[in-house]
Each structure stands twice: as C-alpha cells, then as structure tokens.
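Engineer: Starting from these lines, generate the structure:
(chains A, B, C and D)
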4 protein chains.
Amino acid sequence: MSGIILGENQYGKAENRIVRIYRDTPRHEIHDVNVSTCLRGDFSAAHLEGDQSDVLPTDTQKQTAYAYAKEKALRSIEDYGLALARHFVHDVAPVTAARIEIDEYAWERAEVNGAGHDHTWVRKGQEVRTAAVTVDADGEWVVAGFKDLVILKSTGSEFAGFLTDPYTVLEPTHDRVMATSLVAQWRFDTTEVAWEPTYVDVKARLIEQFAVVQSLALQQTLFHMGRAVLEHHPEIVEIRLSAPNKHHFPYDLAPFGIDNHNEVFHADDRPYGLIQATVTRDDAPPAGPAWDVQRGWLG
Amino acid sequence: MSGIILGENQYGKAENRIVRIYRDTPRHEIHDVNVSTCLRGDFSAAHLEGDQSDVLPTDTQKQTAYAYAKEKALRSIEDYGLALARHFVHDVAPVTAARIEIDEYAWERAEVNGAGHDHTWVRKGQEVRTAAVTVDADGEWVVAGFKDLVILKSTGSEFAGFLTDPYTVLEPTHDRVMATSLVAQWRFDTTEVAWEPTYVDVKARLIEQFAVVQSLALQQTLFHMGRAVLEHHPEIVEIRLSAPNKHHFPYDLAPFGIDNHNEVFHADDRPYGLIQATVTRDDAPPAGPAWDVQRGWLG
Amino acid sequence: MSGIILGENQYGKAENRIVRIYRDTPRHEIHDVNVSTCLRGDFSAAHLEGDQSDVLPTDTQKQTAYAYAKEKALRSIEDYGLALARHFVHDVAPVTAARIEIDEYAWERAEVNGAGHDHTWVRKGQEVRTAAVTVDADGEWVVAGFKDLVILKSTGSEFAGFLTDPYTVLEPTHDRVMATSLVAQWRFDTTEVAWEPTYVDVKARLIEQFAVVQSLALQQTLFHMGRAVLEHHPEIVEIRLSAPNKHHFPYDLAPFGIDNHNEVFHADDRPYGLIQATVTRDDAPPAGPAWDVQRGWLG
Amino acid sequence: MSGIILGENQYGKAENRIVRIYRDTPRHEIHDVNVSTCLRGDFSAAHLEGDQSDVLPTDTQKQTAYAYAKEKALRSIEDYGLALARHFVHDVAPVTAARIEIDEYAWERAEVNGAGHDHTWVRKGQEVRTAAVTVDADGEWVVAGFKDLVILKSTGSEFAGFLTDPYTVLEPTHDRVMATSLVAQWRFDTTEVAWEPTYVDVKARLIEQFAVVQSLALQQTLFHMGRAVLEHHPEIVEIRLSAPNKHHFPYDLAPFGIDNHNEVFHADDRPYGLIQATVTRDDAPPAGPAWDVQRGWLG
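Structural biologist: Numbering: from 1, shown residues only, chains lettered A, B, ... in the order given. Alright, predicted model coming up:
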C-alpha cells in the first residue's frame, strides 16, 4: 500500500475582534476589525508526533494581534496586516509564510447639532472592507476588497439571446431589476499604496459602472466594472468579482386585474445565480499565494 | 379532569419580501420591505374540527400584501400597514383583529459624477426601520421603531457605586466604552402622523442623547433618550428601548510592557448585559394590543 | 404637558454559555446550556438619577450563574433555573422578581467499538430544549419546551374548504407535504416534576400526533398535539405551539414531459405561514409572569 | 499600458433547495438537498460583448437540477451530482467543465408506537453531508464529506511544550476540553464507490479516532483521524480536515471559594484556533479541479 503522508496544512487564530480607539486628542478615532492569522511552515512533528516545539500557539498569535494594534498602528488594515505577517515570518523561525485576513467595519460619527460628535459613532452598515496579506520567502502580496455591498438597479438591465436547450423555460427580457451582494477583491503588485484613497476610488468606480452600463448580462457588467478599476489603477493587476444574482421577480397581479409594469417584486432568497469573473492584465505578475484562503479553505 | 380548550391563537403569513419601485418618472423610487400579517378571531372550528370555512388562507394574505403595494401605496410603512390591517378587519368577516409587522431596509442612491443616480441604489445598512400596526374593534394602534442601530461611545460612560454581594468581582470604572445594538419602538396615540419626518427626528434625538449624556449607567442613558423623544413629540405616548450592552473589554497588554489606556479593546460576543426600559406618560392611553408580537410570540 | 415617567423595565445578563462536566467517575456527563438572567424591581434611581446602589451588576449575575453550576447543580435546567431565580429574589434585597431563560444543547456519546464513549460526545443537533423560570412574590412559574424541532410528513395533510375572497388564488389540495420548525412551550402548575422523563414524553407525544393525525389544517394538527400532552400530563396546564408552515411546493416538471406526483419539491424560504395556538384547561391557574419574555421583549 | 483581459470565470445557480420523496410504496423515503451548479468554458463573448449565445441560463441549470431529481435519481448525492455534471459537459456544447456542490440534510423517521413512521420524519441535525463533483475533459473528481459535526472530549487532551516568544502568555496544560465543529472532505480516485456505507464508515472512524487518541495537539489528532480513513479506504486518496478549536475556558470560581477542576467552563465564541490539515498518499493522483470551490471562491 502507498505511504500515508501529511499534505498541505496551516493553522492560526481566527476572528480576533479588535477595536482600536485613538484618543490622543478629544476627537477620538475608531478602527473596528476582525483579524484572522494563519501560519505555514514545516509543522510535521506536531502532526506526526504531537511535538509542539515548533508550534507558536494560536493564543500567542492572538496576543500579538492585540499588542500590534498599539505597538504598531491599526489605521489602514493593509499596513497592519503587513506588519503582523512580516513579524511572524521574520521573527518566528519555523514560520515560512503567514497570511492575515482582516474584515473592517465602518463607523460614522453621530450627528449632534449638525456636526460629527467627538467620541460617538453609529456603525455604518453597508459593505465590510477586507484585506488579505500574505508574506513568504518569495515576496509580499496584498489583496484589498469588500463584501456585502448590496446594490440594485431598477432598469437598464436585459437578458436575452441566450443559449436554449430542452430544459430552458426562461423568457428573454429587456427590462428587469438587477441586484447583487457584491464581493470584490483586487490584487496589487506593490505594497507602496495610498490604501485609503485607493479603496474609496475603487469602490466608487465599481458602483458607477454598475449604474451606468446598460447591462446585457451580469457577466458583461462585471467585466466593465473590473476594467474600469484596472484602467485607472496601474498598481492593481487583477480584480475578482463574485456576484450573486439576487432575483427580484415581478409579482403576478393579473388575477386581481392589476397591471404590474416592473413595479411590485418578490425578492427571492434561494436559489440565486452566482456569477464570478476575474479581470486581469496580460502581463500580470504571478499571483503566488495571494488568493489562498484560510476560513474558506474547504468551501 | 378539567376540560381541555383552545386558548389564544393567531395565524398569518410571515416575511413577505416585497420591493416596490415607483417609476412614473425617470427618477425611480424604491421601497424594500419584509411584511408579516397576522389575523385573530374565532377560529375554533379550524382547530377543533379542521373546518376551514372561516379561515382566509395565509396565501391570500400574501397576495393581498403584494396587491396593496400597487393598489394602495407602499411609501410610509405605517400607512401601508394600516391599509392592510383595516382591510382584513373590515372586509373579511371572521377577522376581528389584524396585526401587520413590517421591516424596512433603507437604500441610498448610487453616486455617479457627484450626483445620486436615477435608478441605482446601494443598500444603506445600519438600522432596520420597523412598524407594527394593530387594528381591532376597539381602535387602531401604531408602533414605529427600528432595530440593529449599532452605536458606540469611546468615553463619557461610567459604572460605579453599584450593589455588591458575595458574587461580585466587578471593579467600578469611570471611563469605559459603551456600545449597544439598539432596538427602539414608540407608540402613537393617533394615526395622523407625518411618519417620515417623525422617524428621522426620533432617531436623531435618540442618537444625540446617547452621545451627549455623561452616562452613569446604561439605564440612565436609556431614560434620557426616551424622555427626549417624549418631550418633543406629544403624539408619542410611550417608547420602549432594548439595549444589549455590547461589552468592549480593555485588552491586557501589561505582560508585553505596553500601556493600554482604553485604546485597545476586545469586542466580546457573549454574554452581554441586556437593559430594557420603557419611558411613558402618566396619562398615556391604554396600550391595548399594541405590544403584542407575532414572530416573537414564544420568545 | 403630561408627566414623563419610567414604565416597565428589567435587566440582566444574556447568553452565558456554560458547559458543566460531571467527572466524578471515568464516565463523564455533560450539560451544555445558554443561560440568560433577568431581574425586576424598583430600579427608578438607576434610571432617573444614575444611582446604582440598588443595581446588582449584570457581571455579578454572570458570576452567580457559573458558580451555581458547581455550588448547586446543573442537571435538569428547570431545577437550575429555579435555584438561580430563588437566589436573586430571596437574597438580593431590591430584586422582587427574577426570570431565568435557558437553552440546552443535547449531546450523545460518541460510538467507539459499538459502545458510547466515556468522555467524548457528538452534538445531537435537532431540537434545542428550553426552560423559562420566573419567581416573584406571588409564586414560581416554570415553562419547559423546545425550539427548532424540524418535522415533515410527505402525505396525510390536506387544505381545502377555506374561505375565499377576491385575492384568493390558492387551489385546495388533499395531499401535500406539511413541514414545520416547531416551537413548543408548556406551563406547569407545580415545581415538583420529574423534569427529564416529562420532557421526553411530551416531545414524543407531540411528534406522534403530528405523524398520525390526518391533517385538515396545521391549526387542527396543533390542537391535537397540544391536547394529547394535556390529556397525559395533569401537571401541565397550558401548552403553546408556534409553527411556521415551511412550504414545500411541488415543482412544475410538465414543460419537460415529466410527471410529478408529489415527488419533487422546492423547499421555499420565505414567506411562510405562521400558525400559533394555545391549548389549555378551563380551570388553569393564572399564568402570572410565566409567558413574559426577556430577549424577545420587543419582538 | 498592458492589455486588460478576462481571467478565470464561472457561473451557475446556487442553493437549489430540492426535496425528493420516493413514494412508490406506503413507506416513503426522503432526500433533502441544497444543490449548486457551476459551469466553466469560454464565455468571453458574454463578458466582453454581452453576447449570451453561448450562455445556458442559470434558470435552465435550476430546471435541470429539479428535473434530474425525477428523471435520474436523487439517492446518493455523489451519483446525482455526477449525472448533472456529465450532462452539462457532454450535452451543452460551450461547457467544458461543470462542478456540482451538494449539501444533504439527514432526517430520521418519527417514532410512533416504538417504530419508525412510514411518512413522517424529524430532521436529524448534527452534521450536514456534502459532495463536490467536478467533470471536465480530463476526468471526473468526487469529493465527499461533511461539515458542522460538533464533537467534544472532556479529557484526554493536552497542549504543552510549545514554542514561546515574547508574546506568549499561555500556560501549558495536560488536561483540557477539546472541541471542534469539524469539516471533513475526502477525495476518491474512482467513481465506482458504495457511497452510502463508505460515508458511514469514514464518519465513524473520524469520530472514533477523535475519541481514543490521547491528544497532544489538535494537529496530531487530525493526522490520526485522516490516517485511519486512508488506511481502511484504498479508494480514498486524500482527506482534508478543517477544525476550529472551539475554546472551553475553565471558569475562575476561586473568588467564591469554589474549586473548579475542569468542571465548569465558558464556551467562548471568538476568537478560535483554526487548524487545517491534509492527509494524503505519496502516490496520490493529481487533484485536478477537485478542490476548486464555487461559493467560497473569494473566501
């Protein structure tokens, strides 16, 4: 019989819920994140013999994540992630690669007398900003992005001329609601980036293209969205978009003698179309471990 | 042995996910709601004998909810809820009371070239607006509100001088983070209300009080919040607030020689304090069935 | 203007996730619960003036819940809840009423060599057992129950002969799938109960009736289920059932020339019918605060 | 500037909630699944020009999934997934690869008079069984597995002798609770498998090893679990395990003078250790697209 061996493996501390308040002046600042660490290296002894001498505990990874929120900085999540990943790879001998995944929750200042309050915020909702930073012997990769950006257009979307087969009953349409809960992730070829304005601009361009393109299919809309980002950001070499097609079905009111010209919809939960596309450059550098995942490793 | 009888009962169609688009001009409007209907009356025959002749199907309630989004209007959820509740009570003989519970999800126009787009929106996140309308033979009750408004202040909150017993280990504090995911519901003594500006103003006052009151306890903050609403809105006779105390614990960085003066926190999930308070008027009219619940009937 | 006053209020520590292992012999036992405490009394000073001198911190309530898991016992959740509630009311002066809500997660022993393992378990899934214990100056109330019991029958369910109106399009049926995620809660008129066998028997009777009754409507099924419990348990005076009608729609395969005689269904998420009924005794003692809720106070 | 091009892409219909009842005899059978389809091929025209002529609608994929539940069979999810994937690749010209991901929810017969009822079931809870089937021009890959299997041992677990650094505060322990919500996926090198008994046996072996191995670390436990599966199943060439370390912290009762020798625990939510390991064969055939994911494509 063949030999049974250890294959790919990794470990870390997931979902450290860190809130960092900057309070050096009466006008505080808040950064609210969910940080997951993940280390790779030769951890065979731990798996095969239960020998932990090369294993930095996940508890230590947690302590480090909290400590770095003060020792280093927790402003741009990309920089914070880079600091953590570099530390694990450079300072902890058995670690050959580290991946830091961060979700950031946005807050806006509470309005009091028409102005933003110094130390009170309301959670903004809407999208969750994300970053995935990977460092190994070959380099450093930063993927920025967001998830849960729910966007809808009530016209300007068609779906027609599609392939049919014996199981096709769908009618073509030239006017429908199109809605999605967008996940977007874009990869940089550098770590020298103005993270904050870049994030704001990428998000704005994605939303704008979704709005203005006359959609012939979600696929085409996604390509336009991704292309617009790459056209304006030479430091971004690739963008991936995952878009559930959140179906809004016109409700049949004919039995009640009521016309319904795309005015009343049922927002259905499941199933949903799921369209996923990458827009990239023909000379993009290799992605390396940039797209590896921790929490989603097994789908 | 005692006789076994039917007690309180009700039935309806929960969570109709209706989206209403107004598209009479190129500048569309969107209203996105989750509607639950609930009917009461003498439905003994259905329970005891399986006789449905007095039972309006939940499917019919659903059809009506969708139809009314066009036949009537779906702008202010309170008015829409009143229209539905009145219909069931007045037009369907066996129904003696109806309760309509509505969640509304806010959208904001997508920004394109610095202006809000005509027919594209981004879901706003933040709080979910709610309404609960009950109509019976004695009258009509409207409760407006919201849930999931997450709000945090990074200073201006104390907790000290509390009762202690042998199980008390908590240390008093004069500076802590206070955060909650607020549920607020306020009851009107009339149905003639300017629903939209009232909602905006109540929400703003709640947030403002949370921000400006030097908090000695979440209880005191909630009372100030409720009182501010009642002081400015004579048409509101009662407000209920439910506030989970979302604990933010200062992280112990002393082992690493790092000072942490309320700068780095762990946002804990569970357990959480849960503070619930009602602020009302000494001459408030009876609440009748206003505070009954459908989905939460059994906690 | 009318006076603005404090109305109903309560506070506590919600969702203490306590796991109790009995390990006095090599054959360990596990009890896994989620405990919420809730205290009532005159807490006006805390609300009106921020004076905490009568407020036992929610942190202390948490400590007590964990301590009692060892000091008292954590076997039957009803007894554990009674111990906690009595303590708060009898030992903490300002507290006039206490309510303890508990969810219990069942585990079954891992099978090793055909036998249950001494100290390893697999979480059982299926229903979550619940208890709500309330103690005040007038007495003690225990409500036992469960939630999330998902049950389905593939035939033996009809729905016909119902009331129709202009919005009715539903067709009657004499053979359909009926499924629900049942919430059941039953109230005792005593605290001297053999909690464990009673729970097992009540659950079994509910399931059995769901199976064997030819259903003419979910209402009728629920009444039969509740009545069977009351007939066999004189110590139970009332049972409440909340049953979402989890719709399974026969899928239309006619376009593909395929017959579908209730063989292929789409399990829909929303909306769903929601049927709620109480079965009680004509001489049931008053419910007092038995049905009050903490976490669901505002729906 | 570099050229901007379409990269990897795929699309499908996610989360078709199909319930299949076999009712050829009075003793019905139930299969309850959540099916996601995903197609790959050259869909450039759809992305670049909005030309759908090569795009089989996601709605058609849905229809096919429901139709196949009757036309083919929906018993073993692996066979059903293979039938669907082969159909899309072989019968729909532009499709070069298809991936079908299926979750299956287990039901057990309701007990009536000591026997399993003919047409009533209770949802079993516990783990969700999974399958991921991929077919392309190079071959067919089947990955079976489960998720959400929550398992706990109350002793027989240590963690000591680990690497320390300046951020390490964790104390070694030789007796702790170890618990996880296990995700397991195993890859076959054939499609000729007795799917049902294999699933039962693999699950049993994983649970048994978790129970009987004296754990020196979760890593070591996972390796033992995976190895046991490969030793007994030559048709399985690789198994991946993802195990969140669901921390159970002994609660500090010393302030109350109560001993706590691993008897009372707080089950914490976040953060959690996350340990992921692959156990494979030294001569395992290439995995091809077996581990690709649809819903988790972007983590």
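Engineer: any low-confidence regions in the stretch 101-250 of chain A?
Structural biologist: In the prediction, the stretch 101-250 of chain A carries no residues with pLDDT under 70.
Engineer: Taking it, what residue is nearest to chain B?
Structural biologist: Of all residues in the stretch 101-250 of chain A, the one sitting closest to chain B is A:Gly125 (1.8 Å; C-beta to the nearest C-beta). The C-beta positions use only the backbone N, C-alpha and C, and glycine is treated the same way.
Engineer: measure the residue lying closest to that residue once chain neighbours are set aside to A:Asp148 for me?
Structural biologist: If the residues on either side of it in the chain are set aside, A:Gly125 comes closest to B:Gly125, at 1.8 Å by C-beta to C-beta, 6 or more residues apart in numbering or on different chains. Going from B:Gly125 to A:Asp148 by C-beta to C-beta, to the nearest Å gives 8 Å.
Engineer: what does the stretch 151-299 of chain A have sitting close to chain C?
Structural biologist: A:166-167, A:169, A:255-256, A:269-270 (C-beta under 8 Å from any C-beta of the partner chain).
Engineer: Next, A:Lys62: secondary structure please.
Structural biologist: helix (DSSP: H, G, I helix; E, B strand; the rest coil).
Engineer: In contact with it, which residues are there?
Structural biologist: A:13, A:16, A:37, D:271 (C-beta atoms under 8 Å, 6 or more residues apart in numbering or on different chains).
Engineer: And the helices in the stretch 1-150 of chain A?
Structural biologist: With helices called from DSSP state H, counting those that start in this stretch, the stretch 1-150 of chain A shows them at A:44-49, A:58-71, A:77-91.
Engineer: Let me have those in JSON lines, extended by distance to D:Arg20.
Structural biologist: Converted to JSON lines, the helices of the stretch 1-150 of chain A look like this (distance: least, C-beta to C-beta, whole Å):
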{"stretch": "helix A:44-49", "distance to D:Arg20": "40"}
{"stretch": "helix A:58-71", "distance to D:Arg20": "42"}
{"stretch": "helix A:77-91", "distance to D:Arg20": "45"}
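Engineer: Can you tell me the closest non-neighbouring residue to A:Asn9?
Structural biologist: D:Ala277 (4.2 Å).
Engineer: Do I have it right that the one you found meets A:Ser44?
Structural biologist: No. D:Ala277 is not in contact with A:Ser44 according to C-beta atoms under 8 Å; the separation is 10.5 Å.
Engineer: For the closest residue to chain C within the stretch 51-200 of chain A, give me its contacts.
Structural biologist: Nearest residue of the stretch 51-200 of chain A to chain C (C-beta to the nearest C-beta) works out as A:Val169 at 5.1 Å. The contact partners of A:Val169, by C-beta under 8 Å, 6+ apart, come to C:255, D:59-60, D:63.
Engineer: let's see it at 10 Å
Structural biologist: Residues near A:Val169 by C-beta atoms under 10 Å, 6 or more residues apart in numbering or on different chains: C:252, C:255-256, D:57, D:59-60, D:62-63.
Engineer: Tell me how many other residues crowd A:Pro197.
Structural biologist: Other residues near A:Pro197 come to 9 when the count uses other C-beta atoms under 10 Å in any protein chain shown.
Engineer: What distance do you get for it to chain D?
Structural biologist: 21 Å (C-beta to the nearest C-beta, to the nearest Å).
Engineer: Kindly report the same for A:Leu170.
Structural biologist: For A:Leu170 relative to chain D (C-beta to the nearest C-beta), the value is 4 Å.
Engineer: Quick check: phi and psi at that residue.
Structural biologist: Phi and psi for A:Leu170, reported as degrees, to the nearest 10, are phi -60, psi 140.
Engineer: Hmm, it is touching D:Val55, no?
Structural biologist: No. Applying C-beta atoms under 10 Å as the test, A:Leu170 and D:Val55 come out as separate, 11.2 Å apart.
Engineer: Show me which of those two is the more surrounded one.
Structural biologist: D:Val55 (22 against 16).
Engineer: ok, back up a step: wait, which of the contacts of A:Val169 is closest to A:Trp186?
Structural biologist: Checking the contacts of A:Val169 against A:Trp186 by C-beta to C-beta gives D:Pro57 as the nearest, at 28.7 Å.
Engineer: Distance check, that closest one against C:Asp283.
Structural biologist: D:Pro57 is 62 Å from C:Asp283, where distance means C-beta to C-beta.
Engineer: So these two - more neighbours on which side?
Structural biologist: Taking other C-beta under 10 Å, D:Pro57 and C:Asp283 do not tie; D:Pro57 has more neighbours (23 against 10).
Engineer: ok, that one - contacts?
Structural biologist: A:159, A:162-165, A:167-170, A:172, A:217, A:273, D:11, D:13, D:63.
Engineer: looking at it, A:His119 is touching A:Ile21, isn't it?
Structural biologist: Yes. A:His119 is in contact with A:Ile21 according to C-beta under 10 Å; the separation is 8.4 Å.
Engineer: which neighbours do those two share?
Structural biologist: Contact criterion C-beta under 10 Å, 6+ apart; residues shared by A:His119 and A:Ile21: A:28-30, B:152, B:154-155, B:177.
Engineer: Looking at those residues, which is nearest A:Leu206?
Structural biologist: Nearest member of those to A:Leu206, counting by C-beta to C-beta, is A:Ile30, at 25.3 Å.
Engineer: pretty sure A:Ile30 contacts A:Arg109?
Structural biologist: Yes. Contact criterion C-beta under 10 Å: A:Ile30 and A:Arg109 qualify, at 9.3 Å.
Engineer: Now do the shared contacts for the two.
Structural biologist: In contact with both A:Ile30 and A:Arg109: A:119-121, using C-beta under 10 Å, 6+ apart.
Engineer: So which of those residues sit within strands?
Structural biologist: A:119-121 (DSSP state E).
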